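Trainee: How does the following fold in three dimensions:
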Amino acid sequence: MIDDYLDIEEDDVPVRVFEDDPNVYLSVYNMGWHWYYYNPDSTPLGEGAMGKVFLGYEYETNQKVAIKQLFNKYANSKAVRERASLEAALKFRHPNMVEMLGKCKYQDEDGDWHVWVVSNYVDGVTIDKHIKKLEDNGYDDEMVPQVSSYIISILDALDYLHSRGIIHRDIKPSNIMMENGDTPKLMDLGIARVTGSNLYTSMGFVGTPLYASPEQILRDKTQEQATAASDIYSLGMTLYVLINGSNPFNADTESKILKNQVTKKLPVSERLKKRKWKKLMNVIWKATEKDKENRYQTAIEFKIAIQNALNDRSFDWKYLLLIGSIVIILIVLLLIII
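Mentor: Below you'll find the predicted structure:
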């Protein structure tokens, strides 16, 4: 019965609901017209500042997808609808990015807009939840290179975006999914900006206060646009928080958080105080410099710095003392034998 109503290629009513069926059906163009459906009364997979994400399905194949439904107040903003269109149009393919499938927008009889963005479903959890689970099984020193390796993969995705003129502008742990527990994937390009475009200049501050770069926060005063270095800052903050376990810029009000982000330097993480991690702490400091000109300017530059810091660890004094003790014992034994 439903097939009879969905057997169309294009229609001026892209949203369908049926009696005694809890699902909403969305017509989305992705290399041809496809119908996707989801239950808006189901428990969301997640919720962000602009909308909720639900588990959905492609109608013909029943393949799982993620469907983001924008809150009405944002869907009724022309600028936000343009952003949703851009997000859906970013059909990039990279092993460390969630692939976008398309969008659906509809204006009802009352003049209100409804907007959905459809992407591939990622079977996993966000990276912060993944690492918390690892910590619950017992934190050890080798989690530092493990977490760093995840960030290196995201830097590959970031380089892919930047090379195509796209600035993400909202990198944070909750926007990185861990697929099957081992593959990090960058998602949510909802507030991405095309380099050189002023499409979103009317939107004011965009980003997440605990991870946003100073130039994003001060944009209304300085008129500075976000650049690749802005994403570097946010990913540097993300790396620090994932290793440290908390964000030192957190506060009881958003204004205090923003002030901390603009004025304060990250303290040395307790987990990076060991001599062998000193260089990695220095890398994070450079990535999170308040002046964007003093940061790494490209994702590849940041990636190489992390790799060098991990590969060039200094010995702890206890290891040097152990080696020295062994050498002395061997010399004494040798003298006795002689």
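Trainee: Going by C-alpha atoms from here, please, whenever you check contacts or count neighbours.
Mentor: Will do.
Trainee: Kindly export stretch 271-288 (C-alpha atoms) in CSV.
Mentor: Below are the C-alpha coordinates for stretch 271-288, written out as CSV (Å, rounded to 0.1, in the frame of the first residue of the first chain):
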residue,chain,number,x,y,z
ARG,A,271,49.0,12.6,32.0
LEU,A,272,51.6,14.4,29.9
LYS,A,273,54.0,15.4,32.8
LYS,A,274,56.3,12.5,32.2
ARG,A,275,59.5,13.3,30.3
LYS,A,276,58.6,11.1,27.4
TRP,A,277,55.4,13.1,26.7
LYS,A,278,56.9,16.5,27.1
LYS,A,279,57.2,17.1,23.3
LEU,A,280,53.6,16.1,22.8
MET,A,281,52.5,18.7,25.3
ASN,A,282,54.6,21.3,23.4
VAL,A,283,52.8,20.2,20.2
ILE,A,284,49.4,20.7,21.8
TRP,A,285,50.5,24.2,23.0
LYS,A,286,51.5,25.2,19.6
ALA,A,287,48.3,23.9,18.1
THR,A,288,46.3,26.0,20.6
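Trainee: Pull out the buried positions in it.
Mentor: Using 16 or more other C-alpha atoms under 10 Å as the test for burial, stretch 271-288 gives 271-272, 276-288.
Trainee: Kindly indicate which of these lies nearest His94.
Mentor: Distance ranking of the buried residues of stretch 271-288 against His94, using C-alpha to C-alpha, places Ala287 first at 23.6 Å.
Trainee: What distance do you get for the residue lying closest to Lys172 once chain neighbours are set aside to Asp108?
Mentor: The shortest distance from Lys172 to any non-neighbouring residue, by C-alpha to C-alpha, 6 or more residues apart in numbering, is to Thr238 (5.7 Å). Noted for Thr238: a distance of 40 Å to Asp108, by C-alpha to C-alpha, to the nearest Å.
Trainee: okay, these two: which has more neighbours?
Mentor: More crowded of Thr238 and Asp108, by other C-alpha atoms under 10 Å: Thr238, with 25 against 11.
Trainee: That one - that's part of a helix, no?
Mentor: Yes. Counting by DSSP: H, G, I helix; E, B strand; the rest coil, one finds Thr238 located in a helix.
Trainee: confidence score at it?
Mentor: With respect to pLDDT, Thr238 scores 97.
Trainee: That one: what's it in contact with?
Mentor: Contacts for Thr238 (C-alpha atoms under 8 Å, 6 or more residues apart in numbering) come out as 171-173, 211.
Trainee: Domain-wise, how is the protein divided?
Mentor: Domain ranges of the chain: 2-120, 124-317, per automatic domain parsing.
Trainee: quick one on the thing from earlier: can you flag which of the buried residues of stretch 271-288 belong to helices?
Mentor: With DSSP state H as the criterion, helices contain 278-287 from among those.
Trainee: Could you check the pLDDT of the residue nearest to the spatial centre of the chain?
Mentor: In the chain, the centroid-proximal residue (C-alpha atoms, centre = their mean) is Asn175; its distance is 3.1 Å. For Asn175, the pLDDT comes out at 90.
Trainee: Would you mind measuring from it to Met281?
Mentor: 23 Å.
Trainee: next helix or strand past the lowest-mean-pLDDT helix or strand in the chain?
Mentor: Sorted by mean pLDDT, DSSP states H and E, the helices and strands of the chain end with strand 193-194, the least confident at a mean of 53. Following strand 193-194 in sequence order, the next helix or strand is helix 214-217 (DSSP states H and E).
Trainee: Next, the buried residues of that next one.
Mentor: Buried, per 16+ other C-alpha under 10 Å, within helix 214-217: 214-217.
Trainee: Then stretch 22-33?
Mentor: 23, 25-28.
Trainee: Surely Tyr36 is within a helix?
Mentor: No. Under three-state DSSP, Tyr36 sits outside any helix and is assigned strand.
Trainee: What residue, apart from its backbone neighbours, is nearest it spatially?
Mentor: Nearest one to Tyr36, counting by C-alpha to C-alpha, 6+ apart, is Glu58 at 4.5 Å.
Trainee: Give the residue spans of the protein that score low on pLDDT.
Mentor: For the chain, the stretches flagged by pLDDT under 70 are 1-12, 49, 86-91, 139, 189-206, 220-223, 313-321.
Trainee: where do the helices sit along it?
Mentor: Counting by DSSP H, the helices of the chain are 2-6, 72-75, 78-89, 127-136, 143-162, 214-217, 219-222, 228-244, 254-263, 278-287, 299-311, 317-337.
Trainee: Can you tell me which of those is packed in deepest?
Mentor: helix 228-244 (a mean of 24; mean count of other C-alpha atoms under 10 Å).
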